[in-house]
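A.B. asks: Pasting the sequence and the predicted model now:
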Amino acid sequence: MSVSSVVKIKIDGVEVTAYEGDTILSAAKRASIYIPTLCYLDGLSSYGGCRLCIVEVKGSPKLFPSCTTPVSNGMEIITNSERLRKFRKLTLGLILSEKPHICSICVANGHCELQDLAKEFGVDHLRVEREWTAHKIDLTHDFLVIDHNRCILCARCIRACDEIEGVHVLDMKMRGKDSQVIVDMDEDWASSRSCTSCRKCARVCPVGAIYVRDKPFSEIKDKEMAKFILSRRGL
Amino acid sequence: MSKEDRRLLILEREMKARMYQKSVLLEILHLAHELYGYFDKDLLNYISERLNLPPSHVYGVASFYHLFRLKKPGEHVVSACMGTACYVSGVEEIISAIEREFNVKRGGSTADGKLSLFITRCIGACAMAPNVTIDNEVIGKANKEVVLKRIKDIIGG
């Protein structure tokens, strides 16, 4: 790195050296400063969908998603404040109310990133009404299952399928509240011609939406997943 | 059959003229929609194959836009305006009357493929609200009796 590409920023009052092209999140990670994330996963591209990693930047009334905002010289960032906690809690509540998330009957219970975050932010009540629409569960594949009732549309599976496995079997259809993860042309998983059954989607799913049948969730979900992906990409 | 082939030829020529670039997907979808009036999965599969794009990506783009139809529209198309003025003037009542009378759901077609019912955004005739369009004929200041009768006339004749 050349000298000119080094930028100095302040995160929570601590001087941090970052490189041009860094995002706020990656700079904070290097400095061991914690920012809660949900759709972000090390090794995958940033999506900026969950809005849990929002931070305040001095001089702007807006909140910025730290996983997609590049750093610039002299930035002063606050990662934790009353306002941010309030918005993060609200965001979690909205995500939880979108689908019928019932932890007690979920395969991911105890291994769920959404559940962990809800615990961390003390989301014990929902301030908005739940959307009780029933979505289908695709049980056609030999061992992979996708339960749209639990999907939070973080697009981690889509990105893993595209960027790591390189087949792009999964994508998102429709928009707004009709959005759903699809396999090929919105087909049954079993009839997909392009799926390699690599299970990477199940490994990266933060909730219990994609999982391997007859396997405990602790086994499907690898804690070293991020490292695994990074090594695969040769980074 | 020969007509079918010609439409595919037009698509093929357009894709070739654009060197089968992946970035022309949306333009090709527009052209295909113009030619066919809707997308079926075979057509989307064909486009994805020719442009070398994953099928899920093509389907994702095609389903994202409201103006693309993924189902074959019926012989006759009824579109009810759901703009603010029409909604306030009670277009909802007309829509549910059509749904009940012809056993058709909004956004769908009847089982025999004779009639489709679509919801549109403001058609720009708010003074005549509520508006219902039947095969390019606009019925302003509509009420359910008039609309139901007109639809029956068109389907019958």
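C.D. replies: Perfect, thanks for sending it.
A.B. asks: A:Ser194 against A:Val169, yeah?
C.D. replies: Yes. Counting by C-beta atoms under 8 Å, A:Ser194 does reach A:Val169; the two are 5.0 Å apart. All C-beta spots, glycine's among them, are computed from the backbone N, C-alpha and C.
A.B. asks: so what sits against both of those two?
C.D. replies: A:184, B:54 (C-beta atoms under 8 Å, 6 or more residues apart in numbering or on different chains).
A.B. asks: between these two, who's got more neighbours?
C.D. replies: A:Val169 (24 against 15; other C-beta atoms under 10 Å in any protein chain shown).
A.B. asks: tell me the centre residue of the chain?
C.D. replies: Picking chain A for this. Nearest to the mean C-alpha position of chain A, by C-alpha atoms, centre = their mean, lies A:Cys39 at 1.2 Å.
A.B. asks: To clarify, I was referring to chain B.
C.D. replies: Note on chain B: the residue nearest the mean C-alpha position is B:Arg69, at 4.8 Å, using C-alpha atoms, centre = their mean.
A.B. asks: low pLDDT regions in the chain?
C.D. replies: Because you didn't say which chain, this covers chain A. Confidence mapping of chain A against pLDDT under 70 gives the ranges A:1-4, A:222-235.
A.B. asks: right idea, wrong chain: chain B
C.D. replies: For chain B, the ranges with pLDDT under 70 are B:1-4, B:157.
A.B. asks: all strands for it, in order.
C.D. replies: Applying DSSP state E to chain B gives strands spanning B:76-81, B:115-120, B:132-134, B:137-139.
A.B. asks: Chain A now?
C.D. replies: Going by DSSP E, chain A shows strands at A:6-11, A:14-19, A:54-57, A:63-65, A:76-78, A:137-138, A:144-147, A:170-173, A:180-183, A:210-212.
A.B. asks: Give me the buried positions along the lengthiest helix in chain B.
C.D. replies: Ranked by residue count and defined by DSSP state H, the top helix of chain B is helix B:2-17. The neighbour-count check on helix B:2-17 (16 or more other C-beta atoms under 10 Å in any protein chain shown) flags B:11, B:14-15 as buried.
A.B. asks: how near is A:His168 to chain B?
C.D. replies: 4 Å (C-beta to the nearest C-beta, to the nearest Å).
A.B. asks: Might you enumerate the residues of chain A proximal to chain B?
C.D. replies: Taking C-beta under 8 Å from any C-beta of the partner chain as the test, the list of chain A residues beside chain B reads A:162, A:167-175, A:182-186, A:194.
A.B. asks: roughly how far apart are B:Asp135 and A:Asn109?
C.D. replies: 54 Å (C-beta to C-beta, to the nearest Å).
A.B. asks: Give me every residue in chain B that's in contact range of chain A.
C.D. replies: B:41, B:44-45, B:54-60, B:63-64.
A.B. asks: switch to 6 Å and redo it
C.D. replies: B:41, B:54-57, B:59-60, B:63-64 (C-beta under 6 Å from any C-beta of the partner chain).
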